[in-house]
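# pasting the sequence and the predicted model now:
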Amino acid sequence: MDAMVVYSSQTGNTRKIANAIFAAIPGDSKDIQNVTEYRGKDADLFFVGFWTDRGDCDAEIAGLLSGLHGKRVALFGTCGMGADEVYYDRIAERVKKWLPADNACLGCFFCQGKMPMQVRNRYESMLDGSDRDIHLRLMIRNFDEAMLHPDREDERAAARFAREIFAGKTE
């Protein structure tokens with residue numbers, strides 16, 4: 001098999017991006033599975049997607065990455081605190097640490113994703129009139145912006161990422 005897309009998605013954000021990536025991979029020698037369904041199907045190229053859990057991938061994806069050997073891997077993820085390339089780079093570096101050194105990480109793609117409403121409720125409950133309210137209001141604004149993601153442009157960007165990775169694989 002040429003390509004395998006494996007992802008973890010709690011709210012549907014990462015599944016949406018995984019589907020865009022899968023659709024962009026040319027040919028028929030490809031598959032897509034949620035990490036809970038994945039049973040070690042082999043491929044030349046793995047696209048591995050995750051939701052961001054405290055600046056890292058979730059435990060199931062960490063376990064999957066740790067078990068890959070001698071593979072070409074492209075990472076993708078969604079995160080609620082999005083639209084910040086520096087933050088995305090930090091996440092990428094943390095997640096790459098799960099990947100054994102005998103693999104080749106071909107690239108990373110991130111986009112913002114909506115968060116559960118409990119997150120916004122928690123931010124609002126922390127407002128108390130203190131100096132930290134400025135930071136909390138920024139987090140609430142980010143939450144509200146994230147409600148629109150991933151959007152069609154995020155999906156198009158993910159598809160471009162997949163085509164670029166796949167094209168580099170076949171050179």
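Great, that's in hand. Numbering: from 1, shown residues only.
# OK, contacts around the residue sitting furthest away from the middle of the chain?
Centroid-distance maximum for the chain: Gly129 at 35.0 Å, with C-alpha atoms, centre = their mean. Contacts for Gly129 were tallied using C-beta atoms under 8 Å, 6 or more residues apart in numbering; there are none. Quick note: C-beta positions are derived from backbone N, CA and C, even for glycine.
# what separates it from Arg137, distance-wise?
As judged by C-beta to C-beta, to the nearest Å, Gly129 and Arg137 stand 12 Å apart.
# longest helix anywhere in this protein?
Counting residues, the longest helix found in the chain (DSSP state H) is helix 152-170.
# what residues sit buried inside it?
Of all the residues in helix 152-170, those buried under the rule 16 or more other C-beta atoms under 10 Å are Asp154, Glu155, Ala157, Ala158, Ala159, Phe161, Ala162, Ile165, Phe166, Lys169.
# redo those residues as JSON lines? Include distance to Ile61.
JSON lines is the format used below for these (distance: C-beta to C-beta, whole Å):
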{"residue": "Asp154", "distance to Ile61": "19"}
{"residue": "Glu155", "distance to Ile61": "20"}
{"residue": "Ala157", "distance to Ile61": "21"}
{"residue": "Ala158", "distance to Ile61": "17"}
{"residue": "Ala159", "distance to Ile61": "21"}
{"residue": "Phe161", "distance to Ile61": "17"}
{"residue": "Ala162", "distance to Ile61": "18"}
{"residue": "Ile165", "distance to Ile61": "18"}
{"residue": "Phe166", "distance to Ile61": "21"}
{"residue": "Lys169", "distance to Ile61": "21"}
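# rank the residues you listed by pLDDT and give me only the lowest.
Least confident of those in the model: Lys169, at 51.
# element containing the residue sitting nearest the centre point of the chain?
Geometric centre of the chain, nearest residue: Gly77, 0.8 Å, by C-alpha atoms, centre = their mean. Following DSSP states H and E, one finds Gly77 within strand 72-79.
# and that strand, what does it pack onto?
helix 13-24, strand 45-53, helix 85-96, strand 104-112, helix 152-170 (3 or more C-beta pairs under 8 Å, 6 or more residues apart in numbering; DSSP states H and E).
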